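Engineer: Build me a structure from this.
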Amino acid sequence: MLAKYDDKINEMGKKLKKMMAHRKQMARDFNTTTNQFILKWISNKNGTARYRHLRKGNKAN
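Structural biologist: The predicted structure follows:
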């Protein structure tokens, strides 16, 4: 009787591990995208890197 439940438990454990790995990956992706967005926003506040040597009024874009 217990062997039947062991299989179920193992299956659920595998599913749970997969879900946790997926969540970790999603969190990692989210972190990198937010960090990139923040870095981009900061560089835009200071003037983009390409035009940093010009004053704000002289930028081409």
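
Engineer: Show me where this structure dips below the pLDDT cut-off.
Structural biologist: 1, 45-61 (pLDDT under 70).

Engineer: one more time with 90
Structural biologist: 1-9, 22-61 (pLDDT under 90).

Engineer: Could you pull out the helices in it for me?
Structural biologist: Here the chain has its helices, by DSSP state H, at 2-45.

Engineer: T34 versus R28, what's the distance?
Structural biologist: Using Cβ to Cβ, to the nearest Å, R28 is found at 11 Å from T34. Bear in mind the C-beta positions are built from the backbone N, C-alpha and C, glycine included.

Engineer: go on, K17?
Structural biologist: From K17 across to T34, the span is 26 Å (Cβ to Cβ).

Engineer: Same check on L2?
Structural biologist: Counting by Cβ to Cβ, the gap from L2 to T34 is 46 Å.

Engineer: who has more neighbours, those two?
Structural biologist: More neighbours surround T34 than the other of L2 and T34, with 10 against 6 (other Cβ atoms under 10 Å).

Engineer: How much space separates that one from Y5?
Structural biologist: According to Cβ to Cβ, T34 and Y5 sit 42 Å apart.

Engineer: again, but for T32
Structural biologist: Taken as Cβ to Cβ, the span from T32 to Y5 is 41 Å.

Engineer: Ok, T33 next?
Structural biologist: Here T33 is placed at a distance of 41 Å from Y5 (Cβ to Cβ).

Engineer: cool, N35 as well?
Structural biologist: 44 Å.

Engineer: swap in N44?
Structural biologist: For N44, the distance to Y5 - Cβ to Cβ - is 57 Å.

Engineer: burial measure for W41, as a count.
Structural biologist: With neighbours defined by other Cβ under 10 Å, the count for W41 comes to 10.

Engineer: ditto for S43
Structural biologist: Neighbours around S43, by other Cβ under 10 Å: 13.
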